[in-house]
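K.L.:
build me a structure from this.
(one chain, ligands or ions: 1)
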Amino acid sequence: MDLRRNILILYTNRAVHEWKHADFQINIQVMRKLKLYIAASLDGFIATPDGSVTWLEEAASSKDPNAYGYQSFLDSIDTTIMGYNTYKFMEDLDAPFPYPDKKNFVFSSSHQKAKANPAIFVATDLVEFTRDLKKENGQDIWLIGGGKINAKLLNAGLIDEFIITYVPIVLGSGIPLFAENTTMTSLVRKLLIPFDDGLFQVILEKKA
Ligand SMILES: NC(=O)c1ccc[n+]([C@@H]2O[C@H](COP(=O)([O-])OP(=O)(O)OC[C@H]3O[C@@H](n4cnc5c(N)ncnc54)[C@H](OP(=O)(O)O)[C@@H]3O)[C@@H](O)[C@H]2O)c1
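P.N.:
Reported below is the predicted structural model:
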């Protein structure tokens, strides 16, 4: 009994000694979040079958730059990622690229950038690239869409926050918020915000 007690004291003293003389370095790495900020119809479409979003432009009537929390959201991110179809839609608008002060990654296996703008085309694996991007230092990352890359990143469990602004309209058909072959994923609602123009925003998180 005494022997066991002595051994215990010996080990305790050693642990205290090591604790006192250890050169501690604590590295706390907070991963940047991948946030899907997007608008959808009540039936879960982000565009009509031809890619049009005029139904959204007509409904989102507020001229306030921070309407739908947009400016605050934009200030919280320094990087965007989007699929080629979403990029193409922006490019065809013939307007200046909308996020010149951000790092913008466009995923495409078969297209090259056609116009001079700050977008960076990426042909490597979307999931691996995004996983690595989240480990880099910086502000959060905006997943702009569209439905195809949303689904891939959702299935990989990489989307941390979902900020979905719903337009009270039923489109009947179109490009889905998440493309087919999406895995069932449970989320937790953090906030529900109604707006005066009838739109409403729901902020959800991945279930822990
Ligand atoms: N309502 C909104 O707030 C909102 C927001 C964003 C977008 N949108 C709309 O959404 C539409 C585009 O959505 P979408 O679903 O058709 O396309 P998308 O997700 O924007 O782009 C899909 C394309 O990305 C490329 N890609 C690269 N890696 C991929 C991967 N691992 N998985 C899937 N695709 C990959 C492929 O092009 P390659 O063949 O070149 O590889 C693929 O065809 C547009 O009409 C846009 O206006 C609406």
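K.L.:
does the residue positioned nearest the centre of the chain count as helix, strand or coil?
P.N.:
Centroid-nearest residue in the chain: Lys35, 2.3 Å away (criterion: CA atoms, centre = their mean). At Lys35, secondary structure determined by DSSP: H, G, I helix; E, B strand; the rest coil is strand.
K.L.:
which strand residues bridge it?
P.N.:
Applying DSSP bridges to Lys35 yields these beta-bridge partners: Trp142, Glu161.
K.L.:
same deal with Phe107?
P.N.:
Legend: beta-bridge partners of Phe107 under DSSP bridges are Gly83, Val122.
K.L.:
give me the neighbour count for it.
P.N.:
When neighbours are defined as other CB atoms under 10 Å, Phe107 has 22 of them. No exception for glycine: its C-beta is placed from N, CA and C like everyone else's.
K.L.:
over to the one 4 residues further on?
P.N.:
By other CB under 10 Å, 14 other residues sit near His111.
K.L.:
is it true that it touches Phe121?
P.N.:
Yes. If you go by CB atoms under 8 Å, His111 and Phe121 touch, sitting 7.2 Å apart.
K.L.:
got any ranges where this structure has weak pLDDT?
P.N.:
Segments of the chain classed as low confidence (criterion: pLDDT under 70) are 1-29.
K.L.:
mind doing that once more with 50?
P.N.:
Along the chain, the parts satisfying pLDDT under 50 run over 1-3, 5-17, 19.
K.L.:
how about the helices of it, start to end?
P.N.:
2-21, 54-59, 70-75, 84-92, 126-135, 147-155 (DSSP state H).
K.L.:
for the last one, name the packing helices and strands.
P.N.:
Counting contacts by 3 or more CB pairs under 8 Å, 6 or more residues apart in numbering; DSSP states H and E, helix 147-155 packs against strand 34-41, strand 77-83, helix 126-135, strand 140-145.
K.L.:
quick one, the last one and helix 126-135 angle?
P.N.:
If I follow you right, that is strand 140-145. Between the axes of strand 140-145 and helix 126-135, defined by axes from the mean of the first three to the mean of the last three CA atoms, to 10 degrees, the angle is 160 degrees.
K.L.:
what sits against Thr79?
P.N.:
Thr79 is in contact with 32, 102-105, 133, 138-142, counting by CB atoms under 8 Å, 6 or more residues apart in numbering.
K.L.:
make a PyMOL selection of the buried ones in these.
P.N.:
Here is the PyMOL command that picks out the buried ones among the contacts of Thr79, judged by 16 or more other CB atoms under 10 Å:
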select buried, resi 32+102+103+104+105+133+140+141+142
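K.L.:
about what we covered before: measure the residue nearest to the centre of the chain to the ligand for me?
P.N.:
Lys35 sits 13 Å away from the ligand when distances are taken as CB to the nearest ligand atom, to the nearest Å.
K.L.:
that residue contacts Glu161, correct?
P.N.:
Yes. In terms of CB under 8 Å, Lys35 counts as a neighbour of Glu161; the distance is 4.3 Å.
K.L.:
tell me which of the helices and strands packed on helix 147-155 is the most buried.
P.N.:
Per residue and on average, the most neighbours among the helices and strands packed on helix 147-155 fall to strand 140-145, with a mean of 24 (mean count of other CB atoms under 10 Å).
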